[in-house]
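Asker: this is a predicted model, with the sequence first.
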Amino acid sequence: MMLTLGPQPKNRLYTSLNSYLLFLRYVLGGRFRHSKKEVEQFEQTLCTRFGTEYAVCVYQCRLGIYLALKALIKPGQDVILSPYTIVDVVNMVIFAGGRPVFADVDRETCNITVVEVERLISENTGAVLITHLHGLAAEAHRIKEICDRFNVPLVEDCAQAFGVQEQGNAVGSIGDVGVFSFEMHKNIPTWLGGVIISNRKDVIEQVRHELNGFSHPPLRGITKKLKSGLLHDITNAPILFPLLTYRIIRLSYLKDVKFINKKVQRKPQESKPATELPDVYKSWYTPFQARLGLSQLKKVDPDIKVRIENGLLYHEGLKDVDGLILPPARTDGSHTYLWFPVQYAKRDELLRFMYESGRDIASGHFTSTSDAARFKDFYRDCPNSRNVAKTLLYLPTYPGYSRREIEKNIQVIRQYFASQVQPATKQEAGVNI
């Protein structure tokens, strides 16, 4: 009997051997050297890439959002933002002294809409925070026009959008401040970290002043990420994944083995309730992370080119499937397809069919934070965000994911939908089923 190999994994990290070696050198002595030269070099390189005057590396992207908002708003002012995000983004608004005002998203793009921003902006609005989700630009130019009309600063959350452009401008450089993530799942992973970019000297001066009061980063946070990344890289290795890892994941999903599912499935991000910025965020970005980031920059654009090609393959193969909501097909650099997100009302049923058919894809793991009990004081009815949270699936696009695998995913999805309409067709024909 021939052994049938499993699929390629739904997700691969953009890591390399260098990612681990640089950390090892840091542990063996580099953490006792506090030179900022490499961090400053990375920041200057990022300024050149984005065409901005300033770049400041920070411990995490969400910390960058906090620092930017704290520098821009007055206590008690409103901050308009998407509810389809992680809990800690909302926390950062609150920690910075802002009042979250949730603006619903567009179903196709999953991004905050221009119409909602214009409807909700008011005299008490201190800032608008937009998220470029899934590598898809969020109409920053149009929203910036509205913000300028009301003299309100625009902050761009570009955690999933490094390398995205809108109308020829890099996202993050369109508003007053842009914030990017270098967390391990992003396309420039430095295990933890992010960067704030801006042309506003006043904002950057306040950010740097705040950072001066922080301490050297705890080794624990980076080590935790690295251990998780190493386990991910090993279990998703080309030989081990199809022969062993996928078989375990598939069986545990189909048989509902909760212990394993809890370990392997990404869950909505949670955090402990707090009223001010926790001490764990009051940390610096390290020289070894800067070296790692610099070493990865040259791969960003070639990788994006591959992801766009992969995203367009999915779009072409699925665009005529009734019942699926697809992201827009774009080739102008405004959609870099970090994943290919699709939405379907019977998400769990489709996901199960994919696993039964030997495929490996994932459910969306964000929630609609406007519905969260912890944010009940800021509740707004955002039906699109709620529906996205219930229906989103991720299809793999990462470089190294083969065209053959993409075509198999498309084929199985089409088989599922064919199986859904077949019984109805038989009934219409008067066939007993």
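Answerer: In hand now; what should we look at?
Asker: now do the same contact list for Ser82.
Answerer: Phe102, Ala103, Val105, Asn111, Ile112, Leu129, Ile130, Thr131, Leu133, Ser385 (CB atoms under 8 Å, 6 or more residues apart in numbering). The C-beta positions use only the backbone N, C-alpha and C, and glycine is treated the same way.
Asker: distance check, it against Asn261.
Answerer: 28 Å (CB to CB, to the nearest Å).
Asker: over to Phe288?
Answerer: Taken as CB to CB, the span from Phe288 to Asn261 is 34 Å.
Asker: which one of those two has more residues nearby?
Answerer: Taking neighbours as other CB atoms under 10 Å, Phe288 and Asn261 compare with Phe288 leading, 23 against 14.
Asker: setting aside sequence neighbours, what's the nearest residue to Tyr253?
Answerer: Tyr355 (5.2 Å; CB to CB, 6 or more residues apart in numbering).
Asker: what about the one you found, which helix or strand?
Answerer: helix 347-356 (DSSP states H and E).
Asker: chain center to that helix: distance?
Answerer: Mean-position distance between helix 347-356 and its chain equals 23 Å (CA atoms, centre = their mean, to the nearest Å).
Asker: again with stretch 408-417
Answerer: With CA atoms, centre = their mean, you get 26 Å for stretch 408-417.
Asker: again, but for stretch 280-293
Answerer: The answer for stretch 280-293 is 20 Å, by CA atoms, centre = their mean.
Asker: mind showing which ranges of this protein have poor pLDDT?
Answerer: 1-4, 30-34, 267-270, 422-433 (pLDDT under 70).
Asker: closest to the centroid, which residue in it?
Answerer: For the chain, the residue sitting closest to the mean C-alpha position, by CA atoms, centre = their mean, is Gln160 at 3.9 Å.
Asker: and that one, what does it touch?
Answerer: Contacts of Gln160 (CB under 8 Å, 6+ apart): Thr131, His132, Leu133, His134, Gly135, Ser181, Lys186, Leu338.
Asker: is it fair to say it lies in a strand?
Answerer: No - Gln160: not assigned to a strand; according to DSSP: H, G, I helix; E, B strand; the rest coil it is coil.
Asker: and the strands in this structure, which stretches?
Answerer: Applying DSSP state E to the chain gives strands spanning 54-58, 78-81, 84-85, 99-102, 125-131, 154-157, 165-166, 169-170, 177-181, 194-198, 340-343, 362-363, 367-368, 392-395.
Asker: so which of these is nearest Glu210?
Answerer: Nearest to Glu210 among the strands of the chain is strand 54-58 (9.8 Å), distances taken as CB to CB.
Asker: parallel or antiparallel, which strands does the closest one pair with?
Answerer: strand 194-198 (antiparallel) (DSSP bridges).
Asker: so who does the closest residue to Arg200 other than its chain neighbours touch?
Answerer: Closest residue to Arg200 apart from its sequence neighbours, by CB to CB, 6+ apart: Asp176 at 5.7 Å. Taking CB under 8 Å, 6+ apart, we find Asp176 in contact with Leu72, Pro153, Leu154, Val155, Ser198, Arg200, Val203.
Asker: could you point out which of the contacts of Gln160 is nearest to Ala372?
Answerer: So of those, ranked by how close each gets to Ala372 (CB to CB), first place is Thr131, at 16.6 Å.
Asker: contacts only, for that closest one.
Answerer: Leu81, Ser82, Tyr84, Thr85, Val89, Asn111, Ile112, Ala138, Asp157, Ala159, Gln160.
Asker: what about 7 Å?
Answerer: Contacts of Thr131 were listed using CB atoms under 7 Å, 6 or more residues apart in numbering, and they are Ser82, Thr85, Asn111, Ile112, Ala138, Asp157.
Asker: got CSV for the contacts of Gln160, with distance to Leu254 too?
Answerer: Formatted as CSV, the contacts of Gln160 follow (distance: CB to CB, whole Å):
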residue, distance to Leu254
Thr131, 34
His132, 35
Leu133, 30
His134, 27
Gly135, 31
Ser181, 33
Lys186, 31
Leu338, 28
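Asker: most neighbours among these, which one?
Answerer: In the contacts of Gln160, the most neighbours by other CB under 10 Å go to His132, 31 neighbours.
Asker: quick one, phi psi at that one?
Answerer: phi -90, psi 90 (degrees, to the nearest 10).
Asker: buried stuff in the longest helix along the chain?
Answerer: Determined from DSSP state H, the single longest helix within the chain is helix 287-318. Neighbour counts over helix 287-318 (16 or more other CB atoms under 10 Å) mark 287-294, 296, 300, 303-304, 307-308, 310-315, 317-318 as buried.
Asker: just checking, what packs against it?
Answerer: Packing contacts for helix 287-318, counted by 3 or more CB pairs under 7 Å, 6 or more residues apart in numbering; DSSP states H and E, involve helix 17-27, helix 37-50, strand 340-343, helix 403-428.
Asker: just the residues contacting stretch 347-357, thanks.
Answerer: Counting by CB under 7 Å, 6+ apart, Arg250, Tyr253, Leu254, Tyr344, Ile361, Ser363, Lys390, Thr391, Leu393, Val412, Tyr416 sit against stretch 347-357.
Asker: please identify the buried residues of it?
Answerer: Applying 16+ other CB under 10 Å to stretch 347-357 flags Arg347, Leu350, Leu351, Phe353, Met354, Tyr355 as buried.
Asker: kindly report the same for stretch 105-112.
Answerer: Applying 16+ other CB under 10 Å to stretch 105-112 flags Val105, Asp106, Arg107, Thr109, Cys110, Asn111, Ile112 as buried.
Asker: mind checking how far that stretch is from the chain centre?
Answerer: With CA atoms, centre = their mean, you get 14 Å for stretch 105-112.
Asker: give me the contacts around that stretch.
Answerer: 82, 84, 103, 113, 130-134, 136, 138, 325, 327-328, 341, 343, 384-385, 387-388.
Asker: got a list of what Thr52 touches?
Answerer: Thr52 neighbours (CB under 7 Å, 6+ apart): Ser173, Ile197, Ser198, Asn199.
Asker: can you pull out the helices in the stretch 201-350 of the chain?
Answerer: Assigned by DSSP state H, counting those that start in this stretch, the helices in the stretch 201-350 of the chain fall at 201-211, 219-235, 240, 246-254, 258-264, 287-318, 347-356.
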